[in-house]
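> mind folding the following:
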Amino acid sequence: MLRAKLLAATAVATLIAAPAFAQEAAQPAPAEAAAPAQAAEAAAPAQAAEAAATPAAEGTVVDVLKSSGQFTTLLSALDQAQLTDTLQSRPAISIFAPTDAAFAAMPEAERTRLLDPANANELRQVLLYHVIVADVSPDQIQGKKGGVPTASEAQILLDGTGSAIKADNAIVVSAELDASNGAVFPIDAVLNPANSMAAMGDEEAVPAAEAAPTDAAPAATEATDPSATPPVESTDPATEQTDPAPQ
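Numbering: from 1, shown residues only. Predicted coordinates:
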């Protein structure tokens with residue numbers, strides 16, 4: 001199973017399990033594992049041609065953020081939270097990256113408070129919530145929906161069942177930006193682990209499960225309520241004995 005490592009400000013912390021759709025890339029296809037040597041040799045020229053046509057991505061996720069030109073606020077926040085070097089050095093990172101427009105759409109007071117140096121710890125947790133420590137591709141998300149562990153330890157809800165990929169309530173607004181150590185998914189909103197839709201989904205399931213016994217309660221009450229049982233007139237023996245016999 002593919003594993004994801006929690007990020008701290010400067011080092012790796014505890015291992016956590018990555019989601020099912022993130023496991024697919026880490027497992028070799030059975031057909032490839034069992035392919036004979038002759039088939040591998042025959043496929044080599046085609047693979048070489050494909051590699052030449054699709055050069056490897058250059059630059060880390062941080063380099064990609066810088067070269068894009070639409071993540072200046074995010075880059076400044078990463079520096080302030082002391083996460084830039086960590087993201088540069090990790091080998092498999094997927095960032096759901098709020099654009100400058102996403103930060104500008106935040107209420108000004110909330111944006112100012114979050115970016116205040118005095119709130120660096122909170123900012124770090126918010127930013128880590130945008131990070132999955134696995135190289136996730138759009139193909140692994142499309143058609144699937146579920147909670148995924150992030151580097152902040154909270155789960156984010158990734159939804160690929162609609163016309164656009166969503167991370168919680170944010171929409172991936174453009175194609176994935178490939179990097180040498182992962183991928184960048186530009187999104188149109190700044191996420192917050194306190195508002196995790198994956199967590200809210202778990203909480204909403206509890207009242208629904210408790211509703212069934214509550215609905216059945218009135219029927220049980222009616223069945224056991226003595227006042228609801230009609231009286232039986234012929235059950236009083238004293239009345240039958242004192243009734244004088246007809247002459």
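
> what's the helix or strand for residue 96?
strand 93-98 (DSSP states H and E).

> send the alpha carbons of the next helix or strand after that strand over as CSV?
As assigned by DSSP H and E, the chain's next helix or strand after strand 93-98 is helix 100-104. Once side chains and other backbone atoms are set aside, the C-alpha atoms of helix 100-104 remain, and they are given as CSV (Å, rounded to 0.1, in the frame of the first residue of the first chain):
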residue,chain,number,x,y,z
ASP,A,100,-3.6,34.7,-6.1
ALA,A,101,-7.2,35.2,-7.1
ALA,A,102,-8.2,32.7,-4.5
PHE,A,103,-6.4,34.6,-1.7
ALA,A,104,-7.9,37.8,-2.9
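
> could I get the buried residue list for helix 100-104?
Applying a neighbour-count criterion of 16 or more other C-beta atoms under 10 Å, the buried positions in helix 100-104 are 102-103. C-beta coordinates here come from the backbone N, C-alpha and C atoms, glycine included.

> buried residues in the helix or strand just after that helix?
Once the chain leaves helix 100-104, the next helix or strand it forms, by DSSP H and E, is helix 108-114. Buried residues in helix 108-114, counting neighbours by 16+ other C-beta under 10 Å, are found at residue 114.

> which strands and helices sit next to helix 108-114?
In terms of contacts (3 or more C-beta pairs under 8 Å, 6 or more residues apart in numbering; DSSP states H and E), helix 108-114 is packed against helix 120-128.

> which secondary structure elements does the helix it packs on contact?
helix 72-80, helix 108-114.

> sorry, back to before: partner strands of the strand holding residue 96, parallel or antiparallel?
Strand 93-98 pairs in its sheet with strand 131-132 (antiparallel), strand 182-187 (parallel), by DSSP bridges.

> before we move on, back to that, which one of the helices and strands packed on helix 120-128 lies nearest to residue 162?
Ranking the helices and strands packed on helix 120-128 by proximity to residue 162 (C-beta to C-beta) places helix 72-80 first, at 24.5 Å.

> buried stuff in that closest one?
73-75, 77-78, 80.

> and these as a markdown table, adding pLDDT and distance to residue 117?
Supplementary listing: these in a markdown table, determined by pLDDT from 0 to 100; distance: C-beta to C-beta, whole Å:
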| residue | pLDDT | distance to residue 117 |
| --- | --- | --- |
| 73 | 97 | 15 |
| 74 | 97 | 16 |
| 75 | 97 | 16 |
| 77 | 97 | 11 |
| 78 | 97 | 14 |
| 80 | 95 | 6 |
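
> in this structure residue 190 contacts residue 102, no?
Yes. Using C-beta atoms under 8 Å as the test, residue 190 is close enough to residue 102 to be in contact (5.4 Å).

> joint contacts of these two?
With contacts taken as C-beta atoms under 8 Å, 6 or more residues apart in numbering, the residues that reach both residue 190 and residue 102 are residue 170.

> distance check, the residue nearest to residue 122 when sequence neighbours are not counted against residue 177.
Closest residue to residue 122 in three dimensions, ignoring its sequence neighbours and counting by C-beta to C-beta, 6 or more residues apart in numbering: residue 114, at 6.9 Å. From residue 114 over to residue 177 the distance is 24 Å, taken as C-beta to C-beta, to the nearest Å.

> picking up where we left off before, out of the strands paired with strand 93-98, which is the most enclosed?
strand 131-132 (a mean of 26; mean count of other C-beta atoms under 10 Å).
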